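Enquirer: Just need the structure, nothing else, for what follows:
(one chain, ligands or ions: 1)
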Amino acid sequence: MKSVLDAIRTRRSHRSFVPDAELEDWQIENIVKAALWAPSAMHYEVCNIILVRDKETRKELSLATPYALMIENASLAVVLTAKPDESDWWMEDCSAAAENILIEVADMGLGACWVQVREISQELGPEDKVREILGIPEDYRVLCMIAVGLPKKEKKAHTEEEMNRSRVHMERF
Ligand SMILES: Cc1cc2nc3c(=O)[nH]c(=O)nc-3n(C[C@H](O)[C@H](O)[C@H](O)COP(=O)(O)O)c2cc1C
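Expert: From the prediction side, this is the model:
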């Protein structure tokens, strides 16, 4: 087990996985815990997570956006979805759960990649596709999917040198 900061530093987006490597049940359970223990505004806990191991379903999900191809060869897709009627902070809640998952995955020595689903441009329609594939009700929005698997290659951890400290302000902007 790494320190939390070490897991954050070594976490990278992985897009190339050993195809369909089997994840252990405890690893999936840790992903669930990481998501469910995330903070949520007003403690409303509106973020739902859908765990998709099935290869055929993952293949369909991988085609739901132009930037999701890695999901086909991953081991698991975690889809984060919430009903905006239940909380004005659904996006923040789902993002907090997503980041917790990414850090836990890095800590377990696996790889992951955040895949955008929430529509910014209506033309793409990825939310409709994901809702249809997984039977998510119409009044739920889909923030993202997270591809999880065994990376084919190690990726260089983040370094001190690459940190853009000009974004850091002391006391006032
Ligand atoms: C909100 C958000 C959406 C992202 N969407 C995608 C995506 O659709 N497909 C993808 O391959 N990576 C996606 N990424 C991953 C970023 O490209 C990645 O975090 C960034 O390039 C920095 O690399 P690193 O994660 O290895 O530090 C997304 C990341 C965030 C935070």
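Enquirer: Quick check: Met70 touching Ser16?
Expert: Yes: applying C-beta atoms under 8 Å as the test, Met70 and Ser16 come out as touching, 6.9 Å apart. (Each C-beta comes from the backbone N, C-alpha and C, glycine too.)
Enquirer: Next, Ile49: phi, psi?
Expert: Note on Ile49: backbone dihedrals following degrees, to the nearest 10 are phi -120, psi 140.
Enquirer: Which of the three states applies to the residue nearest to it when sequence neighbours are not counted?
Expert: Using C-beta to C-beta, 6 or more residues apart in numbering and skipping residues adjacent in sequence, the residue nearest Ile49 is Ala35, 4.9 Å away. Classification of Ala35 into helix, strand or coil gives helix, according to DSSP: H, G, I helix; E, B strand; the rest coil.
Enquirer: that older thread, look at Met70 and Ser16 and report which has more neighbours.
Expert: Taking neighbours as other C-beta atoms under 10 Å, Met70 and Ser16 compare with Met70 leading, 21 against 15.
Enquirer: Correct me if wrong: Asn48 contacts Tyr140.
Expert: Yes: taking contacts as C-beta under 8 Å, Asn48 lies within contact range of Tyr140: 7.4 Å.
Enquirer: quick one: common contacting residues for the two?
Expert: 81-82 (C-beta atoms under 8 Å, 6 or more residues apart in numbering).
Enquirer: what residues does the protein put near the ligand?
Expert: 12-13, 15, 67, 113-116 (C-beta under 6 Å from any ligand atom).
Enquirer: which ones are touching the residue positioned nearest the centre of the chain?
Expert: In the chain, the residue lying closest to the centroid (C-alpha atoms, centre = their mean) is Ile146, at 3.2 Å. Going by C-beta under 8 Å, 6+ apart, Ile146 touches 77-80, 98, 101-102, 105, 112-115.
Enquirer: which one is it nearest to, not counting chain neighbours?
Expert: That would be Val78: by C-beta to C-beta, 6+ apart, it lies 4.4 Å from Ile146.
Enquirer: Report the contact partners of that neighbour.
Expert: 31, 35, 49-52, 101, 145-146, 148.
Enquirer: coming back round to it: what would the contacts of Ile146 look like in a markdown table with distance to Trp89, pLDDT and secondary structure?
Expert: Putting these into a markdown table (distance: C-beta to C-beta, whole Å; pLDDT from 0 to 100; DSSP: H, G, I helix; E, B strand; the rest coil) gives the following:
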| residue | distance to Trp89 | pLDDT | secondary structure |
| --- | --- | --- | --- |
| Ala77 | 24 | 98 | strand |
| Val78 | 20 | 99 | strand |
| Val79 | 19 | 99 | strand |
| Leu80 | 14 | 98 | strand |
| Ala98 | 14 | 99 | helix |
| Ile101 | 18 | 99 | helix |
| Leu102 | 20 | 98 | helix |
| Val105 | 24 | 98 | helix |
| Ala112 | 23 | 98 | strand |
| Cys113 | 24 | 98 | strand |
| Trp114 | 19 | 98 | strand |
| Val115 | 22 | 98 | strand |
